[in-house]
Structure formats: C-alpha cells, structure tokens
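K.L.:
Got a sequence here, can you build the structure:
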Amino acid sequence: MLTLLAVGSWFGADHVSWQIAEELKPGAAFQVHLCRHPVDLLSYINAGDEYVILDAVCTGQARGRLLKIDINSGWQTSGGNSHGLSLIDVLKLAALVTEPAEKRVQLYGVEAGENTDQPFTEGEVRCLAEQLTAIMAAGSAATQ
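P.N.:
Numbering: from 1, shown residues only. The predicted model follows:
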C-alpha cells in the first residue's frame, strides 16, 4: 500500500507538508498521515509497504520547489534540524528493522525559501499538491 507521510508543524513554511497532505486527502488513492517529528514515521513504516515522505527543506533554491532527496545523502530536513534527529537518521533506523528503506521510500522536500516564517499560500499548496500527485501516480504505476 502507498502512504504519504507528511512531516511538519503549525509554524511558518514548516506547515507546507501538512497543507499539501490535507489538500490531497479527499479522494486520495493512498493513505495520508501527518507527523510532528521524524521519529513518528516509525509508527507507520511497515515491511513491504511503499512510502512518500514529505518535509520542508532549506537549500537556498527557489521557494516552493519540490526536490527529490536521496536517502543516502545525509541530507538534513527542517524536522531533523529543529528536533535534533534528522529524517534521514530515522529512515536509516527503520531500515535496520525492515527491508532496505531506499527501495520502498521516496523522500521529497519542499524548499521553504529564505523566510521560513512565511507560510505558503493556498495557490502554492495546490500547485505543489498537483506535482506530488503526478509523482505518486507515476511511482505507483511503476510498481504495479
């Protein structure tokens, strides 16, 4: 089963992954869960299932850009920086107890931009939700 796990908070640009998840929930052909901390992901990751994990990132690129992140890159997402444990670390921990995570997990970041206190607009969220829907549909079709 395909599941979207959105890591975020109620604050500023970090809220964007939750906003996208809420935009996708109605009529979704996959499960959607909101996570406050990367460790929360461990409650949802099960052997054999497939996941798209979404979090806000700060890379210096254009605000609102959707970026695919390599799990083995050592990347630090906003959730990891603010909570002391990176999303990458949690995924590597999950890999110790399940199949290799990189075969079942796709990690995406939404560039928060320079002003991380600024929330995303409804239009930005809708556009990002459409992009992510296309990515998830392509990934789901590839595994069938």
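K.L.:
so where's this structure uncertain?
P.N.:
47-48, 71-103, 139-144 (pLDDT under 70).
K.L.:
tell me, which helix in it spans the most residues?
P.N.:
Assignment by DSSP state H gives helix 122-143 as the longest helix of the chain.
K.L.:
Dead centre of the chain: give me the residue that sits there.
P.N.:
Taking Cα atoms, centre = their mean as the criterion, Leu54 is the residue nearest the geometric centre of the chain, at 0.9 Å.
K.L.:
From Pro38, how far off is the nearest residue to that one once chain neighbours are set aside?
P.N.:
Nearest residue to Leu54 in three dimensions, chain neighbours excluded: Ser17, at 4.3 Å (Cβ to Cβ, 6 or more residues apart in numbering). Backbone N, C-alpha and C define where each C-beta goes, glycine included. Here the criterion is Cβ to Cβ, to the nearest Å. By it, Ser17 lies 12 Å from Pro38.
K.L.:
Spit out the residues that contact the two alike.
P.N.:
Contact criterion Cβ atoms under 8 Å, 6 or more residues apart in numbering; residues shared by Ser17 and Pro38: 7, 55.
K.L.:
quick one: which of those two has more around it?
P.N.:
Ser17 (31 against 25; other Cβ atoms under 10 Å).
K.L.:
isn't that one right up against Ala56?
P.N.:
Yes: here Ser17 lies in contact with Ala56, judged by Cβ atoms under 8 Å, at a distance of 6.1 Å.
K.L.:
anything in contact with each of those two?
P.N.:
In contact with both Ser17 and Ala56: 8, 110, using Cβ under 8 Å, 6+ apart.
K.L.:
what's near enough to touch Ile53?
P.N.:
Ile53 neighbours (Cβ under 8 Å, 6+ apart): 4-7, 41, 87, 91, 105-108.
K.L.:
Kindly recompute the last result at 6 Å.
P.N.:
Ile53 sits next to 5, 107 when contact means Cβ atoms under 6 Å, 6 or more residues apart in numbering.
K.L.:
got the angle for the strand or helix carrying it vs helix 122-143?
P.N.:
Using DSSP states H and E, Ile53 maps to strand 50-57. Strand 50-57 and helix 122-143 are oriented at 150 degrees to each other (axes from the mean of the first three to the mean of the last three Cα atoms, to 10 degrees).
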